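Asks: how does the following fold in three dimensions:
(chains A and B)
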Amino acid sequence: GNSVTQMEGPVTLSEEAFLTINCTYTATGYPSLFWYVQYPGEGLQLLLKATKADDKGSNKGFEATYRKETTSFHLEKGSVQVSDSAVYFCALYSGAGSYQLTFGKGTKLSVIP
Amino acid sequence: DAGVTQSPTHLIKTRGQQVTLRCSPKSGHDTVSWYQQALGQGPQFIFQYYEEEERQRGNFPDRFSGHQFPNYSSELNVNALLLGDSALYLCASSPIDRGSYGYTFGSGTRLTVV
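Replies: As a prediction, the model looks like this:
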């Protein structure tokens, strides 16, 4: 079956540091890949997506590239801000008769001034 | 344009009781999915509704049931509540067959079973 593995947190960074959150997946076919963000006490917001191999999703300074050869979709940001403190979830959608999102366990990011 | 709206935002129930959670999808969306997010975990898929029928179901017992109305809104019902049902319940919507472009999530209903 489908699965997503994220690096375990929590991750604590100083403001303006470089961020990488690793994500690898197992899926049949050619899934779409997503990063969702959850701020304290809120639901999930779609941060970025990629629908095919070698696509780069980007939004609000965050980027992730769909690497089929390594089955990875690592999230990066060059300079984090305190406002980026949240929980980040990697997820996949495989389609082909499966309509669910499969999520990783989440990585909590705390950015300190 | 309103996104996905869920009600209530918080709920406290006693073990053994029944609960109903409600969701209105984003305008233009006709599929509704429900997810359970336990504390510190990623969301787990419960089921998806389309055209008022359950389209796909995750690994949840029959105590979890749902309904979709002609206006695309949806309800999640949980019977015989257990302490382990305490979680954040998230509703997500999308246009049919556009799941590969991502789902829009609501803010969730926090259910506490005591």
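
Asks: hey, let's count contacts and neighbours off CA atoms from now on
Replies: Fine.

Asks: quick check: residues of chain A near chain B?
Replies: A:31-32, A:34, A:42-46, A:49, A:51, A:89, A:93-95, A:98-106 (Cα under 8 Å from any Cα of the partner chain).

Asks: please pick the buried ones from those residues.
Replies: A:31-32, A:34, A:43-46, A:49, A:51, A:89, A:93-95, A:99-106 (16 or more other Cα atoms under 10 Å in any protein chain shown).

Asks: let me know the pLDDT of the residue in chain A that chain B sits nearest to.
Replies: Here chain A gets closest to chain B at one residue, residue A:43, 3.8 Å apart by Cα to the nearest Cα. Note for residue A:43: predicted pLDDT of 90.

Asks: just give me the longest strand of chain A.
Replies: Ranked by number of residues, the top strand in chain A under DSSP state E is strand A:86-95.

Asks: which elements pack onto that strand?
Replies: strand A:3-6, strand A:32-38, strand A:98-103, strand A:107-112 (3 or more Cα pairs under 8 Å, 6 or more residues apart in numbering or on different chains; DSSP states H and E).

Asks: could you redo the last one with a cut-off of 10 Å?
Replies: strand A:3-6, strand A:19-21, strand A:23-26, strand A:32-38, strand A:44-50, strand A:75-77, strand A:98-103, strand A:107-112 (3 or more Cα pairs under 10 Å, 6 or more residues apart in numbering or on different chains; DSSP states H and E).

Asks: just name the most buried of those strands.
Replies: strand A:32-38 (a mean of 24; mean count of other Cα atoms under 10 Å in any protein chain shown).

Asks: now that one: mean pLDDT?
Replies: 97.

Asks: that strand: partners in the sheet, and parallel or antiparallel?
Replies: Strand A:32-38 has the following strand partners under DSSP bridges: strand A:44-50 (antiparallel), strand A:86-95 (antiparallel).

Asks: what's the angle between it and strand A:98-103?
Replies: On the basis of axes from the mean of the first three to the mean of the last three Cα atoms, to 10 degrees, strand A:32-38 is oriented at 50 degrees to strand A:98-103.

Asks: ends of stretch A:25-42, what's the gap?
Replies: One end of stretch A:25-42 sits 25 Å from the other (Cα to Cα, to the nearest Å).

Asks: meant to ask about stretch B:65-76
Replies: Stretch B:65-76 has its terminal residues 6 Å apart, counting by Cα to Cα.

Asks: before we move on, what about stretch A:99-107?
Replies: Start-to-end, stretch A:99-107 (Cα to Cα) is 24 Å.

Asks: what does stretch A:75-90 give?
Replies: By Cα to Cα, the extent of stretch A:75-90 from end to end equals 9 Å.

Asks: same question for that stretch, mean pLDDT?
Replies: Stretch A:75-90 shows a mean pLDDT of 97.

Asks: chain center to that stretch: distance?
Replies: 10 Å (Cα atoms, centre = their mean, to the nearest Å).

Asks: likewise for stretch A:49-61?
Replies: Distance of stretch A:49-61 from the chain centroid (Cα atoms, centre = their mean) equals 10 Å.
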